[in-house]
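**Student:** below is the sequence, then the predicted model.
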Amino acid sequence: MQVKYTLPILAAAGFLFAAYTVVTSNKPTPVAPAVAPPASAPFKSFIAGAGIVEPKSQNIAIGTPLSGIVKTVTVKVGDKVKAGATLFFLDDRDTRAELAVKLADLAKARAGVGEAVASLKDTQSLNDLAEAITDRRAISSEELLRRRNALLINTTKLDSAKALVQQAEAALAATQTTQARLTVQAPVAGEVLQINIRPGEFAQAGALNTPLLVLGNMDQLHVRVDIDENDAWRFDKNSKAVAYLRGNRDFKTELVPAYVEPYVVPKKSLTGDSTEQVDTRVLQALYSFDRSQLPVYVGQQMDVFIEAKDTTAKGGSPL
């Protein structure tokens, strides 16, 4: 009798367990709370944009005009430097050796000028003596012609020797210029933000994905705001703007318009929004703010809201 009801009981239990499993598995997964609550716009009608902090001078990617091994880095991150201050040296042993050769060539060329001057004086004296003879029977016409030609030849040799000096000086100046280019200097006064080279590493000339060194003027910071091209027609650079620190909306500051770059460019700083397209183009506006009000760093993102005119009437139709 017990065996007769065992299979139906097990079947019913399996059905109930399956039903319970299906019901519990279909419950929606709870949404994880945000690490930090997002900032909300303080304006009724607004344009929202992602902003990134940068120095007033922008981030200056320092490169080198010549490739070579880094000999010495004279600065460290955080150093404030003046315009023209040395940032790093490249190995200049080859250039110094070439410079010594060029100096020797210049000395030889100048000695050649002295030799040409002496020869010219000698032939000039002999020619003057021949020309001073009043009785032409005392000197043959052939000898007189030879002395005149010797004077012309030595005059030309002197001009050639002087040209060689100029050539040697130009070659020396070119080598000195090359040696000077092995010393990389700060183009503007600013602060060293990043260093990506070390002594002994090879510094490649040209445009690099990772700059050798990043420099910026930190006296005043800017926020570069990306305004979607669809909102560009609503944008007014004189409207009020507020920036919130990403990660803590309690830190906010009013923005002062600096300038607008009137060239719409592809968006580089993607936010990951589902409506964001890879071909999104943005108008970039730059604002300044009081740095003392925010614990902000260069490269940090901010949420920016710009007041815009309400473009709809009360009935919901465009004005």
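**Tutor:** Yes, it's here.
**Student:** which parts of the protein are helices?
**Tutor:** 2-25, 93-132, 141-181 (DSSP state H).
**Student:** for the last one, the distance to its chain's centre please.
**Tutor:** Counting by CA atoms, centre = their mean, to the nearest Å, helix 141-181 is centred 45 Å from the centre of its parent chain.
**Student:** stretch 52-59: which residues count as buried?
**Tutor:** By 16 or more other CB atoms under 10 Å, the buried positions in stretch 52-59 come out as 52, 53, 54, 55, 57. C-beta: built from backbone N, CA, C; applies to glycine.
**Student:** likewise stretch 81-92?
**Tutor:** Neighbour-count burial for stretch 81-92 [16+ other CB under 10 Å]: 81, 87, 88, 89, 90, 91, 92.
**Student:** distance from that stretch to the middle of the chain?
**Tutor:** 15 Å.
**Student:** try stretch 207-216
**Tutor:** That offset, for stretch 207-216, works out to 5 Å (CA atoms, centre = their mean).
**Student:** what comes up buried for that stretch?
**Tutor:** Quick answer for stretch 207-216 (16+ other CB under 10 Å): 211, 212, 213, 214, 215, 216.
**Student:** what is the nearest of these to residue 45?
**Tutor:** residue 216 (34.5 Å; CB to CB).
**Student:** name the nearest residue to the residue nearest the centre of the chain, ignoring sequence neighbours.
**Tutor:** Nearest residue to the geometric centre of the chain (CA atoms, centre = their mean): residue 61, 2.4 Å. Among residues not flanking residue 61 along the chain, residue 211 sits closest, at 3.4 Å (CB to CB, 6 or more residues apart in numbering).
**Student:** pass me the low-pLDDT residue ranges in the stretch 101-250 of the chain, would you?
**Tutor:** Counting by pLDDT under 70, the stretch 101-250 of the chain contains low-confidence residues at 136-137.
**Student:** mind running it again at 90?
**Tutor:** Within the stretch 101-250 of the chain, the segments meeting pLDDT under 90 span 118-151, 154-155, 157, 206-208, 218-220, 230-232, 237, 245-250.
**Student:** residue 189 - how many residues pack around it?
**Tutor:** 15 (other CB atoms under 10 Å).
**Student:** I should have written residue 112 there, sorry.
**Tutor:** By other CB under 10 Å, 18 other residues sit near residue 112.
**Student:** what of residue 191?
**Tutor:** 19.
**Student:** now swap in residue 199 and tell me
**Tutor:** Residue 199 is flanked by 12 other residues according to other CB under 10 Å.
**Student:** can I get the CA coordinates of stretch 245-252 in CSV?
**Tutor:** C-alpha atoms of stretch 245-252 as CSV (Å, rounded to 0.1, in the frame of the first residue of the first chain):
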residue,chain,number,x,y,z
LEU,A,245,32.7,67.1,-8.7
ARG,A,246,32.3,63.6,-10.0
GLY,A,247,31.8,61.2,-7.1
ASN,A,248,30.6,63.8,-4.6
ARG,A,249,27.8,66.2,-5.5
ASP,A,250,28.4,68.2,-2.3
PHE,A,251,31.4,69.8,-4.0
LYS,A,252,30.2,72.3,-6.6
